[in-house]
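1. 3D model of this:
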Amino acid sequence: MANLLVRNVDDGLVQSLRERAAAHGRSAEAEHREILAKALRAPRRKTFAEVLMSIPNVGADADFARVDDGDAANVFG
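-> Numbering: from 1, shown residues only. Alright, predicted model coming up:
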């Protein structure tokens, strides 16, 4: 495993890290690792099929049929 050294960190951030670590019952170093892992871990992307299947059924196809009112075909003048 590699080591990571972070320089010039604001004292307030370091204190917040220590407090957060104490609240989670771990060292500041372990808390730092956890924060980095959560921030950089790539979220699982949904497949195209999963996205399509998540679209709710909001009506029959006929409810979304295009209506030809004559003027709509020439909207740009």
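
2. alpha carbons only for contacts and neighbour counts from here, please
-> Will do.

3. Now do the strands in the protein.
-> Secondary structure of the chain by DSSP state E: no strands are present.

4. for it, what are the low-confidence residue spans?
-> 69-75, 77 (pLDDT under 70).

5. Now do the helices in it.
-> 11-23, 28-40, 48-54 (DSSP state H).

6. Please tabulate those in JSON lines and include distance to residue 62 as additional columns.
-> As requested, the helices of the chain are exported to JSON lines (distance: least, CA to CA, whole Å):
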{"stretch": "helix 11-23", "distance to residue 62": "55"}
{"stretch": "helix 28-40", "distance to residue 62": "45"}
{"stretch": "helix 48-54", "distance to residue 62": "19"}
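
7. Please identify which of the ones you listed is closest to residue 60.
-> If you check each of the helices of the chain against residue 60 by CA to CA, helix 48-54 wins as the nearest, at 16.0 Å.

8. JSON lines for the helices of the chain, including mean neighbour count?
-> Below are the helices of the chain laid out as JSON lines (neighbours: other CA atoms under 10 Å):
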{"stretch": "helix 11-23", "mean neighbour count": "13"}
{"stretch": "helix 28-40", "mean neighbour count": "13"}
{"stretch": "helix 48-54", "mean neighbour count": "9"}
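
9. who wins for proximity to residue 65 among those helices?
-> Each of the helices of the chain has some distance to residue 65 by CA to CA; the shortest is helix 48-54, at 19.8 Å.

10. CA-only coordinates of the closest one in CSV, if you can.
-> Extracted as CSV, the C-alpha positions of helix 48-54 are listed here (Å, rounded to 0.1, in the frame of the first residue of the first chain):
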residue,chain,number,x,y,z
PHE,A,48,-29.5,1.1,-20.3
ALA,A,49,-32.0,-1.6,-19.7
GLU,A,50,-32.3,-0.8,-16.0
VAL,A,51,-32.9,2.9,-16.8
LEU,A,52,-35.6,2.0,-19.2
MET,A,53,-37.2,-0.4,-16.8
SER,A,54,-37.2,2.3,-14.1
